[in-house]
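Asks: Sharing a model prediction with you, sequence too.
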Protein chains: 4
Amino acid sequence: MAVVDRTEDRRRTLLDAASRVFARKGFHASRVGDIAEEAGVAHGLLYHYFRSKDEVLETLFRETWGSLVLDTQRIEESGTPLREQLRRFSRIYLGSWLVAPDSIRVLVREIGRSPGVGERLDEIKAVFLALGRMIEAAQQRGEVRADCEPMLAAWVVYGALEEILTGWVLGQLPGEEEDVERAVATVVDVAHAGLAA
Amino acid sequence: MAVVDRTEDRRRTLLDAASRVFARKGFHASRVGDIAEEAGVAHGLLYHYFRSKDEVLETLFRETWGSLVLDTQRIEESGTPLREQLRRFSRIYLGSWLVAPDSIRVLVREIGRSPGVGERLDEIKAVFLALGRMIEAAQQRGEVRADCEPMLAAWVVYGALEEILTGWVLGQLPGEEEDVERAVATVVDVAHAGLAA
Amino acid sequence: MAVVDRTEDRRRTLLDAASRVFARKGFHASRVGDIAEEAGVAHGLLYHYFRSKDEVLETLFRETWGSLVLDTQRIEESGTPLREQLRRFSRIYLGSWLVAPDSIRVLVREIGRSPGVGERLDEIKAVFLALGRMIEAAQQRGEVRADCEPMLAAWVVYGALEEILTGWVLGQLPGEEEDVERAVATVVDVAHAGLAA
Amino acid sequence: MAVVDRTEDRRRTLLDAASRVFARKGFHASRVGDIAEEAGVAHGLLYHYFRSKDEVLETLFRETWGSLVLDTQRIEESGTPLREQLRRFSRIYLGSWLVAPDSIRVLVREIGRSPGVGERLDEIKAVFLALGRMIEAAQQRGEVRADCEPMLAAWVVYGALEEILTGWVLGQLPGEEEDVERAVATVVDVAHAGLAA
DNA sequence: GATGAATGAGATTTCATTCAT
DNA sequence: AATGAATGAAATCTCATTCAT
């Protein structure tokens, strides 16, 4: 167990270093040597833990996105009113900025790029679809007005959240703790009022 | 004149090809050969029209964004009600999908990467700021409720538009001519109702 | 055509350079840079003509071995007495040493090594099988004594030829023009007398 | 003593593993990790028993070849008829397949590669020369016909043996115990009849 | 203008060897 | 003795850019 832990620690160190470096320069502009330097190890070591630079990004993606997929499922199954669902989703999505800003940065900027886009798109789609289903269910409950395409609305909501993250990533929007809560409120208010029957 | 035209045609062909390729794979992952192949010419030819791959992106940015900046200015100065302003802005922005499907999306996605970020960010900011000012003015006219940060709202609106473009580019959302008009309506409806006093 | 020729010339230049370098140092110890230097070009150019270093070896193998396979077929179909068939086979096999000593060197030393062994083995087997069939047919014609496994005999003959090539490759046996003819005579005499009924 | 034995056992395990791996892929393409995996130990352990990968090959060579050199000397000095000498030599050489299937083949295949070629070639030459001298002596005794270059004949015989070993190693020829005896008989029959006066 | 062969800086990747545990 | 993480020299390979034709 002790040995496994040490191994896992190194993996983490490398992944964290990678997310910082990718966040700073983007995946393609980041050299393997940069990641190693950031982690304080020789570049060769990265190949002990990952098959390639691509696999590092892939791992980062799965880790970060995987937990979002799970959380989204739980929110959908809760069956609470749409406003509450939107608040919880927004809080998790925007809140991740405070928890792991670099991972989010990478996610936001590298999705749809680099090899393996196809496979990832499916996992991304899963979140969109869940969001769309929540809106559709709310529509059937009469919470959302009828003249509204649920999937399109899902894209609107998701786009709003992603853009705010981008603003934080690019340093164009203040992204301190209190700003995050305000952003959640704004998105939820606008989206809910905008969709309300 | 005829010669100039042919020259201009080739430039356009290359720029359009570049915007499609950049949109698909991102700037760094796109090889000069990919752009040339997409344009149906030899890769060496690109260097007759542009000094470098960077200059292609730079040119794309100036051309596409420049006109958006002008259009946005005009919309702001028109002083019409917010709903009308949002509709015009959305139409221009999403309409770019029909005219030049990839250009705008590329630009936003590539900001923060590649050289010369600073200057470009300012120009992008200009559009955001104009959008924010429109919302703020509407707020002062009583069209928008008071408990709403205009700039944050601008990011929300912009994000919705951006995400829909992304959906079209990635083939995740239907993007035919009638879909564009519906998308404009949805965004304007949601945004306006969501912001209304 | 002129262009094709120039392209083909370069390919040849590179293949010839590669066969010299592989012959001198063996495939694995040869660096791509060595081949390029031998050919008098930049190392990058090799990747214009071949996908990888492996593909260069593969091509070399197919070229050299391919013609031997064809020649062997022709000899088998000729149906002449075994002695004559052995003479022709030996002449082609050992004679190739004078024509393209480096290719032969590579063939002898790299077969069964490096990636793609499996696929090559089949093509090598084809020659062995043909040789075995020739001996078997001669046995049925009464030219070869009955207490002799044709396939084993084929391996013996082939081994004798290959070892002589190896001797030349390693500089342990004199390999001038007259030595080649003497070697052919020796192998044919020993093999034929050894197998005769 | 017990400790030494265990130490010796490990050395042997590693050497045997190395000879199998080298035989399969060649010295250069064999990684230290492959040898260790074949031996079922961690790759670091190899460096307790050998200074380097080169030293493994070197050791393999000295051990295997050394005993063959001694045996060959004894056969030469025995002064028995050529047929008997050939049988004994073939039995030892091909018999090595049952004892240590890969060692000898590795050595011959790897000569000319890797450092220290010079010294080894001399030792290999010694065996060839002894074989040649036996044939020459037989020629002078009238057992072998006059129009035959003894050294060339030695290469022929050696090549036949070598090729059969190769066939066994590559799984192209059946190599069970009874096949070995049959192979010895075939080579001796062919060689003796082929050389006989 | 147009082509694509040619270049070479610089990236990724491999792997023999060392060494702390 | 034994392990396998860690190192880094050296290899392979990529691709923006140049340039002869």
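Replies: Cool, the structure landed. Everything numeric here is computed off the predicted structure, so don't read it as measured data.

Asks: Not counting sequence-adjacent ones, nearest residue to residue A:14?
Replies: Distance criterion Cβ to Cβ, 6 or more residues apart in numbering or on different chains; nearest residue to residue A:14, sequence neighbours excluded, is residue A:39 at 5.1 Å. Where C-beta positions appear, they are placed from N, C-alpha and C, glycine not excepted.

Asks: Residue A:27 too?
Replies: residue A:110 (4.9 Å).

Asks: now that neighbour: how far from residue A:171?
Replies: As judged by Cβ to Cβ, to the nearest Å, residue A:110 and residue A:171 stand 18 Å apart.

Asks: now do residue A:132
Replies: Counting by Cβ to Cβ, the gap from residue A:132 to residue A:171 is 31 Å.

Asks: which of these two has more neighbours?
Replies: When residue A:132 and residue A:171 are compared on other Cβ atoms under 10 Å in any protein chain shown, the one with more neighbours turns out to be residue A:132, at 20 against 10.

Asks: For the more buried one, give me its contacts.
Replies: Residue A:132 sits next to A:150-151, A:153-154 when contact means Cβ atoms under 8 Å, 6 or more residues apart in numbering or on different chains.

Asks: If you rank the residues you listed by neighbours, which is first?
Replies: Within these, most neighbours by other Cβ under 10 Å means residue A:153, with 26 neighbours.

Asks: Let me see the contact set for residue A:49.
Replies: Shown in contact with residue A:49 (Cβ under 8 Å, 6+ apart): A:10-11, A:14.

Asks: quick check: mean pLDDT across stretch A:169-184?
Replies: Average pLDDT, stretch A:169-184: 87.

Asks: and it, how far apart are its ends?
Replies: One end of stretch A:169-184 sits 16 Å from the other (Cα to Cα, to the nearest Å).

Asks: Whether that stretch contacts chain B - can you check?
Replies: Yes. On the criterion Cβ under 8 Å from any Cβ of the partner chain, stretch A:169-184 is in touch with chain B at A:169-170, A:172-173, A:182-183.

Asks: Please check those and keep the buried ones.
Replies: Buried members of the residues of stretch A:169-184 next to chain B, scored by 16 or more other Cβ atoms under 10 Å in any protein chain shown, are A:169-170, A:172-173, A:183.

Asks: Which one of the residues you listed is nearest to chain D?
Replies: Comparing these against chain D with Cβ to the nearest Cβ places residue A:169 closest, at 41.4 Å.

Asks: Quick check: the gap between the closest one and residue A:160.
Replies: As defined by Cβ to Cβ, residue A:169 lies at a distance of 15 Å from residue A:160.

Asks: Show me which residues of chain A are close to DNA strand F?
Replies: Within reach of DNA strand F by Cβ under 7 Å from any atom of the strand, chain A has these residues: A:6-7, A:10, A:41-45, A:47-48.

Asks: who in chain A is up against DNA strand E?
Replies: Within chain A, the residues that sit near DNA strand E (Cβ under 7 Å from any atom of the strand) are A:30-33, A:43-44, A:47, A:51-54.
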